[in-house]
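[1] Whatever this is, show me its structure:
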Amino acid sequence: MVAGGGAMKPTDVGSSVLPFPSGSSGSTSFAIGINAHSEHKALAKDFLRWQYKKDVQTRAAQDHFPAIIGTDAEVPQQTVDANPWMDAFYTQFKDSKSLVIKGFETQTPQITHIIITQVQKMITTDMSAKDAMEAAQKQAEAAS
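    Numbering: from 1, shown residues only. Modelled structure (predicted):
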């Protein structure tokens, strides 16, 4: 819905690759695994084999569109044609980097919160980007 009322058609939506000098951006991802202490490892393995079958991944590509899923399954062409904005989305993803901080994987959510809070302060006040990131660095180090 838009403020003017009515739903927007996918063909009325536009997008472009982010204008970062490196051309890359961040992306979130997920992992699927089997708990070593599970009582049903064989069933879990069967589920994962099923989950990654081509027909299931193709359906997931459609159902989770425009998210990038765990394989290179392609979104059905009719979905691509109906959503011309998605080309830039997929182009951006090809060069994206994980947002999980190496060496701080378990603290990434807390560090991300600290950084985003400082970015918000920078945007809504007269705080400089340098000061915001220095404050975030200090807070993150204190939290570790």
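[2] Run through this protein and note the low-pLDDT ranges.
    Within the chain, the stretches with pLDDT under 70 are 1-5, 23, 29-30, 66, 68-71.
[3] Pick out the residue nearest the middle of it.
    Nearest residue to the geometric centre of the chain (C-alpha atoms, centre = their mean): Thr28, 3.2 Å.
[4] For that one, give me its contacts.
    Ser98, Leu99 (C-beta atoms under 8 Å, 6 or more residues apart in numbering). All C-beta spots, glycine's among them, are computed from the backbone N, C-alpha and C.
[5] Pull the residues that contact the longest helix along the chain.
    In the chain, taking DSSP state H as the definition, the longest helix is helix 108-124. By C-beta under 8 Å, 6+ apart, the residues outside helix 108-124 that reach it are 99-101, 104, 127-129, 131-133, 135-136, 139-140, 143.
[6] Quick check: the two most widely separated of those residues?
    For the contacts of helix 108-124, the farthest-apart pair by C-beta to C-beta is Val100 and Ser128; their separation is 27.4 Å.
[7] More neighbours: those two, which one.
    Set Val100 next to Ser128 and count neighbours by other C-beta atoms under 10 Å: Val100 wins out with 16 against 10.
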